[in-house]
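1. below are the sequence and a predicted model for it; my questions follow.
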Amino acid sequence: MPELPEVETAKQGLAPVLEGRRIERAVARRPDLRFPLPDGFGQRLTGRTVTSVKRRAKYLLIELDDGVTLLAHLGMSGCFRIHENHVPPLEKHDHVILSTDQGVEIRFNDPRRFGFMDLVEAGELKTHPLLKDIGPEPLGDYFNAAILTRSLKGRRTPIKSALLDQTVVAGLGNIYVAEALFRAGISPKRTAATIAGGRASKLYRAIIEVLELAIAAGGSSISDHRQPSGEPGYFQHSFAVYGREGEACPGCDCSLSATGGIRRIQQSGRSTFYCTKRQR
Ligand SMILES: [Zn+2]
């Protein structure tokens with residue numbers, strides 16, 4: 001499931017082929033993804049020039065020269081495939097197609113159709129229901145240990161749940177929360193409000209590090225991403241704890257004890273992976 005680094009990788013793949021380019025043709029091959037596509041979707045994109053491709057949390061923002069923004073979310077299984085030279089036959093789950101004046105074809109492929117797209121009028125982005133309550137970008141200028149501490153203050157929920165709350169910090173999901181908490185040595189069960197001072201600094205740095213490492217790994221696959229075969233720009237990264245229940249812990253010697261190794265617990269109905277010895 002795409003999280004912030006995967007969306008950032010998609011952005012980095014799309015920007016060079018879309019920015020400054022005119023959309024010659026835009027086709028939706030079905031009327032809906034997760035939600036219905038806006039009326040006149042294809043017509044409203046056709047003939048427009050893309051002024052910029054941005055990311056906010058897990059949303060892609062493709063800004064057009066008429067002030068409208070194409071807002072896209074990858075959902076569970078969505079990806080953009082870029083075909084620059086050879087354009088292969090359409091696949092069943094290629095739902096939206098954009099062709100640029102350079103002859104590049106971009107296809108949004110989404111087998112499970114949890115992704116969605118919307119056209120947002122100029123000036124309505126900040127108040128858009130999906131975007132208006134989102135917290136600071138973890139890699140942006142308005143996020144640091146002090147801001148993190150302030151948003152966790154008074155929260156009696158486990159830190160795992162607090163970090164999944166998009167108003168605290170934008171774009172973190174189940175995978176990178178588990179990875180960041182492991183790196184910071186913080187138990188996912190710890191009460192959010194108790195994280196301050198050195199612990200908050202550690203957590204802040206861990207969040208930045210896991211995201212940057214994943215983006216760097218994704219970034220290196222961009223050339224593949226843009227191959228005619230057009231595989232998505234995200235892939236299974238190697239994780240320290242996520243999905244590793246029962247495996248040896250890469251952070252300490254806990255695996256030597258009978259109850260050691262990476263544990264899996266359920267929190268708010270979702271799996272959490274962690275080391276009970278290293279993470280406190
Ligand atoms: Zn351990």
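-> Sure thing, it's come through. Keep in mind that what you see is a predicted model, and the values were worked out from it rather than measured. Numbers count the residues shown, from 1 in each chain.

2. for the closest residue to the ion within the stretch 51-200 of the chain, which non-adjacent residue is spatially closest?
-> With C-beta to the ion as the measure, Phe182 is the residue of the stretch 51-200 of the chain nearest to the ion, at 8.7 Å. For the C-beta atoms, the positions are set from N, CA and C on the backbone; glycine is no exception. Using C-beta to C-beta, 6 or more residues apart in numbering and skipping residues adjacent in sequence, the residue nearest Phe182 is Val241, 4.6 Å away.

3. follow-up on the earlier one: what's the pLDDT at the residue of the stretch 51-200 of the chain closest to the ion?
-> Taken from the predicted model, the pLDDT recorded for Phe182 is 97.

4. give me the contact list for the helix or strand where it lies.
-> Under DSSP states H and E, the secondary-structure element containing Phe182 is helix 174-184. Under the contact criterion C-beta atoms under 8 Å, 6 or more residues apart in numbering, helix 174-184 has outside partners 1, 3-5, 159-160, 163-164, 172, 187-188, 199, 202-203, 205-207, 209-211, 214, 239-242, 251, 270-275, 278-279.

5. stretch 26-45 now?
-> Outside stretch 26-45, the residues that touch it by C-beta under 8 Å, 6+ apart are 23, 46, 64, 68, 70, 75, 78, 90, 94-99, 110, 113-119.

6. extract the CA atoms of it and return them as PDB.
-> C-alpha atoms of stretch 26-45 as PDB (Å, rounded to 0.1, in the frame of the first residue of the first chain):
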ATOM      1  CA  ALA A  26      -7.300  12.700 -21.500                       C
ATOM      2  CA  VAL A  27      -9.500   9.700 -21.300                       C
ATOM      3  CA  ALA A  28     -11.300   8.000 -18.400                       C
ATOM      4  CA  ARG A  29     -12.100   4.500 -19.400                       C
ATOM      5  CA  ARG A  30     -14.700   4.200 -16.700                       C
ATOM      6  CA  PRO A  31     -16.900   6.700 -14.900                       C
ATOM      7  CA  ASP A  32     -15.500   6.000 -11.500                       C
ATOM      8  CA  LEU A  33     -12.600   4.900  -9.400                       C
ATOM      9  CA  ARG A  34     -13.300   4.700  -5.700                       C
ATOM     10  CA  PHE A  35     -15.600   7.700  -6.200                       C
ATOM     11  CA  PRO A  36     -17.300   8.900  -9.400                       C
ATOM     12  CA  LEU A  37     -14.900  11.000 -11.600                       C
ATOM     13  CA  PRO A  38     -16.000  14.700 -11.900                       C
ATOM     14  CA  ASP A  39     -18.300  15.500 -14.800                       C
ATOM     15  CA  GLY A  40     -16.500  16.300 -18.100                       C
ATOM     16  CA  PHE A  41     -13.200  14.900 -16.600                       C
ATOM     17  CA  GLY A  42     -11.500  14.100 -19.900                       C
ATOM     18  CA  GLN A  43     -12.700  17.300 -21.600                       C
ATOM     19  CA  ARG A  44     -11.600  19.500 -18.700                       C
ATOM     20  CA  LEU A  45      -8.100  18.100 -18.800                       C
END
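
7. and that stretch, how far out from the chain middle?
-> Between the mean C-alpha location of stretch 26-45 and the chain-wide mean there is a distance of 23 Å, by C-alpha atoms, centre = their mean, to the nearest Å.

8. same question, stretch 121-141
-> Using C-alpha atoms, centre = their mean, the distance between the centre of stretch 121-141 and that of its chain works out at 15 Å.

9. report the buried residues of it.
-> Residues of stretch 121-141 classed as buried under the neighbour-count rule (16 or more other C-beta atoms under 10 Å) are Leu125, His128, Leu130, Leu131, Ile134, Gly135, Pro136, Glu137, Pro138, Leu139.

10. so for it, mean pLDDT?
-> The model assigns stretch 121-141 a mean pLDDT of 94.

11. shouldn't Ile106 be within a helix?
-> No. Looking at Ile106 with DSSP: H, G, I helix; E, B strand; the rest coil, it is strand, so not inside a helix.

12. secondary structure element for the residue lying closest to it once chain neighbours are set aside, which one?
-> The spatially closest residue to Ile106, leaving aside those adjacent along the chain, is Leu98, at 4.5 Å (C-beta to C-beta, 6+ apart). When elements are assigned from DSSP H and E, Leu98 belongs to strand 94-100.

13. can you tell me the strand partners of that strand and which way each runs?
-> Taking DSSP bridges as the criterion, strand 94-100 pairs within the sheet with strand 23-28 (antiparallel), strand 105-109 (antiparallel).
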